[in-house]
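Undergrad: What follows is a predicted structure for the sequence shown.
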Amino acid sequence: MLLIKNVRVNLNHPNEVADVFIAGGKIQAIGRKLEPALANLEVLDGDGKTAIPGYIDQHVHITGGGGEDGFSSRVPEIQLSDCIRGGVTTLVGLLGTDSITRSVENVVAKTKALRSEGLTAYCLTGAYEYPSPTLTGSVKKDIAYIEEVIGVKIAISDHRSSNLCKQDLIRLASEARLGGLLSRKPGLVHIHVGTGKRKLGLLFDILETEDIPIQIFRPTHVGRVFDDAVRFANLGGYIDFTAEEESRKSAQMIVKAFEQAPAERITLSTDSNGSMPKWNENKEIVGMGVGQITTLHRTVKSLVQDCGVPLSQAILTGTATVAKALGLADRKGLLAEGYDADLILLDDRLNIDTVMAGGAIMMKSGSLIKKGIFEK
């Protein structure tokens, strides 16, 4: 049991402070001068700190991505401490280009490992390629029967994709949707969007002729196809931007999106532990970077400090909006009674000071409390 004293919780009234009582992994009460008479109650001083919900990162290569420049370019898997330092308490793991040396089995196992270490973790079946690699032999069955799997990954408009046709994507989306309906999961199709000529054209073609709900399709890396993304969001779909290493650049793009599309349809993820290859005009690789999970918070911080977006709005792209998109809005994305006790305490410069996941303190005053089993 934990009591956080005198912390700023209401971002619309930053001069007000409150106490937050946590027990059983949930926020049990938020109010002034809470004094629960309980033995073994840990008290944490929140003076000068601002509490926000833990981040939800829906695009993480938890087993490592990459591989586009040979076997030595395979990115290492993510560590628990990486997530904690980034303030990410909930994530969705997935595959990328490489589904040969990586597998759906790997991703499911790593998802289970992160859960056992204290995070909330889900994952996707599939990868860039089509037909989709699966664990059970069926996208529909993976989603329906594997607890951690909430959707499928695919790639379009990219020279590394399988260049699937309209009917292929219709069939894949139908499988995912039915698997989701049967198991009360999102059943989403998380779509890597490259820099190809068609952009989101394949999605618009399907929406024009088919009855599949637009909410099933979740295009990501949409900064590459900004105009198409705005159109897609205004039709009612979710669009997911990638938090880049240049945080100000990412923040400015989000602000531009806020001006042209419904804010409640805009989300932000990191592509953490995925490769960031650089290609020349002949599609030859000329360099490679790696996605970092800390870019989500750095982009939120830049939205506030560089772009003048209120903190209450800036955090939504990585908290409440993502929670709603993933079907978690009844317990994630807000600081409210009955919600999961996933919290970040920020200092007066908006740096991450303390992180809690499921009510457990994972980082305190900038120092890691919890690490993965093999981390030093």
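TA: Great, that's in hand. Numbering: from 1, shown residues only.
Undergrad: what's around residue 26, how many residues?
TA: 15 (other C-beta atoms under 10 Å). In this view, the C-beta of every residue, glycine as well, is placed from N, C-alpha and C.
Undergrad: do residue 159 as well
TA: Residue 159, neighbours per other C-beta under 10 Å, totals 11.
Undergrad: That one belongs to a helix?
TA: No: the assignment for residue 159, made by DSSP: H, G, I helix; E, B strand; the rest coil, is coil rather than a helix.
Undergrad: ok, the nearest residue to residue 236 once chain neighbours are set aside - contacts?
TA: In this structure, residue 236 finds its nearest non-sequential neighbour in residue 214, 5.1 Å apart by C-beta to C-beta, 6 or more residues apart in numbering. Counting by C-beta atoms under 8 Å, 6 or more residues apart in numbering, residue 214 touches 207, 232, 235, 236, 237.
Undergrad: Repeat that for residue 247.
TA: So residue 247 contacts 295, 298, 299, 301, 302 (C-beta under 8 Å, 6+ apart).
Undergrad: Residues in contact with stretch 21-36: which ones?
TA: 1-4, 9, 18-20, 335-341, 356, 358-360.
Undergrad: Quick check: ChimeraX command selecting the buried ones in those.
TA: To isolate the buried ones among those in ChimeraX, judged by 16 or more other C-beta atoms under 10 Å, type:
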select :2,3,4,9,18,19,20,335,339,340,341,356,358,359,360
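Undergrad: taking the contacts of stretch 21-36 one by one, which sit in strands?
TA: The strands, defined by DSSP state E, take in 2, 3, 4, 18, 19, 20, 356, 360 from the contacts of stretch 21-36.
Undergrad: now, the most widely separated pair of these?
TA: Pairwise distances across the ones in strands among the contacts of stretch 21-36 peak at 21.0 Å for 18 and 360 (criterion: C-beta to C-beta).
Undergrad: okay, which residue is most central for this protein?
TA: Nearest to the mean C-alpha position of the chain, counting by C-alpha atoms, centre = their mean, stands residue 57 at 1.7 Å.
Undergrad: Look at that one and report its pLDDT.
TA: The score at residue 57 is 99. That number is its pLDDT.
Undergrad: can you tell me the helix or strand for it?
TA: Secondary-structure assignment from DSSP states H and E places residue 57 in strand 55-60.
Undergrad: Counting by contacts, list what that strand packs against.
TA: strand 88-93, strand 239-242, strand 266-269, helix 295-305, helix 320-325 (3 or more C-beta pairs under 8 Å, 6 or more residues apart in numbering; DSSP states H and E).
Undergrad: Can you name the residues that contact residue 242?
TA: Taking C-beta under 8 Å, 6+ apart, one finds 59, 220, 221, 223, 250, 268, 269, 270, 271, 291 in contact with residue 242.
Undergrad: After the least confident helix or strand in the chain by mean pLDDT, which helix or strand is next? Please name it.
TA: Sorting the helices and strands of the chain by mean pLDDT, DSSP states H and E puts strand 275-279 at the bottom, at a mean of 86. As assigned by DSSP H and E, the chain's next helix or strand after strand 275-279 is strand 285-290.
Undergrad: Can you tell me what sits against that following strand?
TA: For strand 285-290, using C-beta under 8 Å, 6+ apart, the contacting residues are 66, 68-69, 73, 75, 245, 273-280.
Undergrad: domain ranges for this protein?
TA: Domain segmentation of the chain under automatic domain parsing yields 2-52+334-368, 54-325.
Undergrad: Of those, which is nearest residue 376?
TA: That would be domain 54-325 among the domains of the chain, by C-beta to C-beta, at 9.9 Å.
Undergrad: still on that earlier bit, from the contacts of strand 285-290, which would you call buried?
TA: For the contacts of strand 285-290, buried by 16+ other C-beta under 10 Å: 66, 68, 73, 75, 273, 274, 275, 276, 277.
Undergrad: which residues does the closest residue to residue 371 other than its chain neighbours contact?
TA: Excluding its sequence neighbours, the residue lying closest to residue 371 (C-beta to C-beta, 6+ apart) is residue 81, at 5.1 Å. Contact partners of residue 81, counting by C-beta under 8 Å, 6+ apart, are 368, 371, 372, 375.
Undergrad: Check what pLDDT residue 81 gets.
TA: 98.
Undergrad: From residue 169, how far off is the residue nearest to residue 236?
TA: As judged by C-beta to C-beta, to the nearest Å, residue 214 and residue 169 stand 13 Å apart.
Undergrad: Give the phi and psi angles for the residue nearest to residue 236, as a check.
TA: Main-chain torsions, residue 214, degrees, to the nearest 10: phi -60, psi -30.
Undergrad: quick one on the thing from earlier: and which of the contacts of residue 81 is nearest to residue 94?
TA: Closest to residue 94, out of all of these and judged by C-beta to C-beta, is residue 372, at 19.5 Å.
Undergrad: Contacts only, for the closest one.
TA: Residue 372 touches 79, 80, 81, 117, counting by C-beta under 8 Å, 6+ apart.
Undergrad: just residue 262 next, same as before
TA: 233, 234.
Undergrad: repeat that for 7 Å
TA: Shown in contact with residue 262 (C-beta atoms under 7 Å, 6 or more residues apart in numbering): residue 233.
Undergrad: now the one 4 residues further on
TA: With C-beta under 7 Å, 6+ apart as the criterion, the residues that contact residue 266 are 233, 239, 254, 257, 258, 317, 321.
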